[in-house]
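Peer 1: model this:
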Amino acid sequence: MKFKKTLLLLVFIPLLSFSAHKYYLSLTQIKYKSEAKSLQIIINVFMDDIETALNKDYKIDLQLTTKKELKNNDVYFEKYLKDKLEFKVDNKIQKFNYIGKEYEGDLVFFYLEIENITEVSKIEVSNKILINHFPEQQNLVKSKVGNKNKSVLLSKEETLAILNY
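Peer 2: Numbering: from 1, shown residues only. Below is the predicted model:
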């Protein structure tokens, strides 16, 4: 009987610790569309995390997906992304256009585009999304240029990725 209790504690307690753990992860997907001469970028983050960050940074109350959601929240999303992201293509800083956002479950998807890109041999990404508010935050960057795929995991210690094609 004592053996069963010990075994139960050794197995069950670690499982509880995993279920209570919160992951802090964003995904940035970059795809070069040669026919459109643009980089199309999709970023997804956990809704509660981005809401916390923007509420603290801009002293607002977004209340995402509720009836009280701020009507002009895209202004804050765009400002935040422009503060936390930077893209260089072939050593030239590129400004992105904020296309919009979409909610799906507990995620927010942001759509961005960098226009007038005729070719790509190197992309540098500086991604500081949510780093200030969540020290464990990791930002996964995946890219596709032609038939080449690259990915890198960024963190508070390393916020810059250089992707060569």
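Peer 1: SS state for the residue positioned nearest the centre of the chain?
Peer 2: Nearest to the mean C-alpha position of the chain, counting by Cα atoms, centre = their mean, stands residue 26 at 3.2 Å. Applying DSSP: H, G, I helix; E, B strand; the rest coil to residue 26 yields a three-state assignment of strand.
Peer 1: wait, isn't it in contact with residue 142?
Peer 2: No - the pair residue 26 / residue 142 is not scored as a contact, 11.3 Å apart, by Cβ atoms under 8 Å. For every residue, glycine as well, the C-beta is placed using N, CA and C.
Peer 1: quick one on the thing from earlier: against residue 130, how distant is the residue nearest to the centre of the chain?
Peer 2: According to Cβ to Cβ, to the nearest Å, residue 26 and residue 130 sit 7 Å apart.
Peer 1: who touches both of the two?
Peer 2: Residues touching both residue 26 and residue 130 (Cβ atoms under 8 Å, 6 or more residues apart in numbering): 45, 137, 139.
Peer 1: and the residue nearest to the centre of the chain, how close does it get to residue 102?
Peer 2: In this view, residue 26 and residue 102 are 15 Å apart by Cβ to Cβ.
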